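quick one, what's the 3D model for this:
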Amino acid sequence: VQLQASGGGLVQAGGSLRLSCAASGFIFSSYGMGWFRQAPGKEREFVAAINWRFGRTYYADSVKGRFTISRDNAKNTVYLQMNSLKPEDTAVYYCAADRASISTTGSDYDYWGQGTQVTVSS
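Residues are numbered from 1 along each chain as shown. Below you'll find the model as predicted:
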């Protein structure tokens with residue numbers, strides 16, 4: 001099983017980034033997918049999730065209206081479009097796969113990627 005996150009980088013406040021997470025080694029279309037982030041000195045927090053069947057999405061209040069999660073089951077890839085970025089969005093972003101459905105709780109997820117750094121300068 002592999003989840004390869006990419007697309008992070010350095011961006012100015014107000015800018016945009018699109019994260020991708022390419023999955024392999026499991027039936028991607030049957031898993032809920034989520035994005036989490038962890039800033040230095042802080043606990044990991046939920047960002048967004050999308051379920052496997054109907055593409056239902058969930059967002060943390062802090063990113064609602066700015067971030068959009070989507071998935072392409074044909075490409076085994078989940079995306080996180082991040083707009084209007086703020087310095088407080090700076091963190092390592094992780095994608096994760098949930099066999100049961102989707103959850104806002106990290107411990108519910110079965111597989112995790114290695115993370116990609118997002119840095120937003122003021």
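
just give the nearest non-adjacent residue to the most centrally placed residue in the chain, would you?
The centroid of the chain falls nearest to Trp35 when counting by Cα atoms, centre = their mean (2.4 Å). Counting by Cβ to Cβ, 6 or more residues apart in numbering, Trp35 lies nearest to Val47, which is 4.3 Å off, once chain neighbours are set aside. Where you see a C-beta, it was placed from the backbone N, CA and C, and this is true even at glycine.

for the residue nearest to the centre of the chain, give me its contacts.
The contact partners of Trp35, by Cβ atoms under 8 Å, 6 or more residues apart in numbering, come to Leu19, Cys21, Val47, Ala48, Ala49, Ile69, Val78, Leu80, Tyr93, Tyr94, Cys95, Ala96.

so which elements touch the helix or strand hosting the residue nearest to Trp35?
For Val47, the host element (DSSP states H and E) is strand 45-50. Packing partners of strand 45-50 (3 or more Cβ pairs under 8 Å, 6 or more residues apart in numbering; DSSP states H and E): strand 32-38, strand 57-59, strand 67-72, strand 77-82.

give me the mean pLDDT for the longest one.
When you say that, I think you mean strand 32-38. When pLDDT is averaged over strand 32-38, the result is 97.

go on, the third one?
Average pLDDT, strand 67-72: 97.

so which bits of it are buried?
By 16 or more other Cβ atoms under 10 Å, the buried positions in strand 67-72 come out as Phe67, Thr68, Ile69, Arg71.

how about these, which pair is most distant?
Phe67 and Arg71 (14.1 Å; Cβ to Cβ).

and the pLDDT at Val92?
Per-residue pLDDT puts Val92 at 98.

find the residue closest to it in space, skipping its chain neighbours.
Gly115 (4.2 Å).
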